[in-house]
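1. Quick one: sequence plus predicted model below, questions after.
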Amino acid sequence: MENEVRVRVAPSPTGDPHVGTAYIALFNYVFKKQYNGKMILRIEDTDQTRSKASSEELIYQSLRWLGLNWDEGPDIGGSSGPYRQSERKEIYVEYVNKLLESGRAYRCFCTQERLTKMREEQKAKGRSGYDRCCRELTAEQISQNLDRGIPYVVRLKVPLDGVTTFHDELRGDISIDNSTIDDQVLLKSDGFPTYHLANVVDDHLMKITHVIRAEEWISSTPKHVILYDSFGWKTPKWIHMPLLRNQDKSKISKRKNPVSLVYYKRAGYLPEAMLNFLALMGWNPGGDIEIFGMDEMIRKFNFSDLNLGGPVFDIKKLAWMNQHYLQQMNEIEFVNYIREDIFSEDYLKKVAPLMKDRVSKFEDFISKADFFFNGSLNYEKEALIPKNVNATDLKKAFLSLLEQLDELYVWTSENIESILHSQLERLGWKPKDYFMPVRIAVTGRKDSPPLAQTMEVVGREMVRFRIRDAVTRFLS
């Protein structure tokens with residue numbers, strides 16, 4: 001290729017590192033390796049209400065666990081550099097001002113109340129999108145609003161007619177009528193950019209040559225193309241990967257499959273198996289070959305060989321593949337893995353205070369502490385559901401608990417206990433009718449160390465997996 005290939009992985013640190021992030025990162029990584037290019041990691045944290053430093057750290061850890069190392073980006077050399085969007089606010093304001101000066105964007109002073117009413121009226125008429133009320137304000141009107149300190153957002157002036165066409169390397173030309181494209185917000189009233197503006201400005205300034213991302217962004221691409229045109233910039237090449245799917249072809253979600261990379265590491269999946277499995281999501285090296293390493297993928301991969309039919313994330317196949325890689329380990333590798341990842345000294349130090357008063361001899365340790373090391377647990381439905389609570393109500397309670405645990409990133413027994421007791425208070429149940437089902441779901445037994453302390457040691461990923469597993473197996 002004429003220019004250096006530069007690709008990027010751009011996750012948002014708003015939750016657990018997702019298998020979808022690894023899937024997209026893998027194909028970016030392979031492509032840049034094929035062309036001796038660069039992969040940039042960019043943290044898209046403009047959603048300040050949801051972005052978390054803990055989530056960002058887990059992204060780094062998960063990509064490194066898989067060996068998908070980046071060439072430029074935060075956490076290299078101990079500094080963020082120019083790759084965290086929350087630290088680039090002035091840059092986005094500078095480029096928005098250029099669009100305002102050129103007449104390709106405008107200030108919108110509509111209040112939230114007006115926008116809500118407008119959307120209701122648009123819906124009643126079978127329409128959607130902003131009605132462009134502020135698009136043709138005069139310079140005098142704008143000046144008066146600014147003098148009065150009225151808050152505003154900045155919107156892009158999308159052409160009112162014609163079509164926007166872009167070329168997807170997997171699908172060919174895609175054309176969208178401009179009349180269906182909203183005058184998107186570029187800069188919010190708090191001065192932070194929207195995804196669309198930050199994405200385009202950063203891709204241009206970071207000299208990204210190929211945007212390899214999930215197909216869910218196809219609908220946003222016309223907006224990005226119009227932005228590139230508004231700035232007078234050359235667009236990158238677009239490659240939209242097929243979405244990972246559940247067995248029922250719905251978009252992969254944590255309600256039907258574990259999606260956290262941290263879970264898969266905790267559960268004992270090997271990075272080689274995960275990469276091999278993700279590579280097969282729509283592609284294989286030819287014939288019936290299913291087991292192959294990174295080097296072979298780099299040698300043989302071509303985007304033209306991708307199947308766009310919607311790859312199914314089959315966790316049973318992943319387990320089969322992981323078993324293959326486990327079997328390839330020699331005895332020393334196998335023992336070292338168990339010592340370092342299952343029975344690590346750090347983990348055993350956390351388990352010991354909870355168990356040493358509960359065993360009379362060491363041979364009892366494994367049988368009484370097995371739930372600290374297991375994945376799925378074996379117990380009967382009758383043990384899970386109390387006599388005074390029906391399955392429907394328990395399912396609602398578990399799902400509500402999961403929503404809170406999903407957002408708990410400071411995973412301490414104090415914080416866990418606070419959540420448990422606040423939910424018990426809301427439910428108004430007897431303590432035993434609430435705590436016992438949670439204990440059964442988390443440990444598989446009625447007698448275990450203090451619940452919140454046990455949940456802290458078992459860990460955020462496995463606790464949430466086990467509670468979801470209980471819902472799926474017994475309460476759905």
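-> Nice, I can see it. Residues are numbered from 1 along each chain as shown.
2. if I look at the nearest residue to residue 217 once chain neighbours are set aside, how far off is residue 168?
-> Counting by Cβ to Cβ, 6 or more residues apart in numbering, the nearest residue to residue 217 once its immediate chain neighbours are dropped is residue 240, at 6.4 Å. The way it works is simple: take the backbone N, C-alpha and C, and place the C-beta from them, glycine included. In this structure, residue 240 and residue 168 are separated by 6 Å, where distance is defined by Cβ to Cβ, to the nearest Å.
3. Repeat that for residue 204.
-> For residue 204, the distance to residue 168 - Cβ to Cβ - is 19 Å.
4. ok, now residue 155?
-> Where residue 168 is concerned, residue 155 sits at a distance of 26 Å (Cβ to Cβ).
5. Now the element after the helix or strand hosting residue 317, going C-ward?
-> Following DSSP states H and E, the helix or strand that holds residue 317 is helix 315-327. Past helix 315-327, heading to the C-terminal end, the next element that is a helix or strand (DSSP H and E) is helix 331-337.
6. about what we covered before: now do the shared contacts for residue 240 and residue 168.
-> Taking Cβ atoms under 8 Å, 6 or more residues apart in numbering as the contact criterion, the common neighbours of residue 240 and residue 168 are 218, 221.
7. Between these two, which is the more surrounded one?
-> Summary of the neighbour comparison: residue 240 and residue 168, criterion other Cβ atoms under 10 Å, with residue 240 having more neighbours (20 against 15).
8. what's the spacing between the closest residue to residue 69 other than its chain neighbours and residue 342?
-> Residue nearest to residue 69 in three dimensions, not counting chain neighbours: residue 63, with 7.2 Å by Cβ to Cβ, 6+ apart. As defined by Cβ to Cβ, residue 63 lies at a distance of 23 Å from residue 342.
9. same question, residue 476
-> For residue 476, the distance to residue 342 under the criterion Cβ to Cβ works out to 30 Å.
10. Of the two, give the one with the bigger neighbour count.
-> When residue 476 and residue 342 are compared on other Cβ under 10 Å, the one with more neighbours turns out to be residue 342, at 12 against 9.
11. Counting neighbours, what do you get for the closest residue to the more buried one other than its chain neighbours?
-> Nearest-residue entry for residue 342: residue 373, 6.1 Å, with adjacent residues in sequence omitted and distances by Cβ to Cβ, 6+ apart. A count of neighbours around residue 373, defined by other Cβ under 10 Å, yields 16.
12. tell me the domain boundaries of this protein?
-> Structurally, the chain divides into domains by automatic domain parsing as follows: 6-87+245-327, 89-241, 355-475.
13. okay if I get the ones you listed as TSV plus distance to residue 336?
-> Conversion of those to TSV gives the following (distance: least, Cβ to Cβ, whole Å):
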stretch	distance to residue 336
domain 6-87+245-327	13
domain 89-241	35
domain 355-475	17
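14. so of those domains, which one's packed in deepest?
-> Most buried of the domains of the chain by mean neighbour count (mean count of other Cβ atoms under 10 Å) is domain 6-87+245-327; its value is a mean of 18.
15. how about the helices of the stretch 51-200 of the chain, start to end?
-> If you assign secondary structure with DSSP state H, counting those that start in this stretch, the helices in the stretch 51-200 of the chain sit at 53-66, 89-102, 112-124, 139-147, 195-205.
16. Looking at those helices, spot the one closest to residue 259.
-> Of all the helices of the stretch 51-200 of the chain, the one in closest proximity to residue 259, counting by Cβ to Cβ, is helix 53-66 (11.7 Å).
17. Against which helices or strands is the closest one packed?
-> Secondary-structure packing of helix 53-66 (3 or more Cβ pairs under 8 Å, 6 or more residues apart in numbering; DSSP states H and E): helix 19-34, helix 261-266, helix 271-279.
18. what is the orientation angle of it with helix 19-34?
-> 50 degrees (axes from the mean of the first three to the mean of the last three Cα atoms, to 10 degrees).
19. Any idea how far helix 53-66 is from the middle of the chain?
-> How far helix 53-66 lies from its chain's middle: 11 Å, per Cα atoms, centre = their mean, to the nearest Å.
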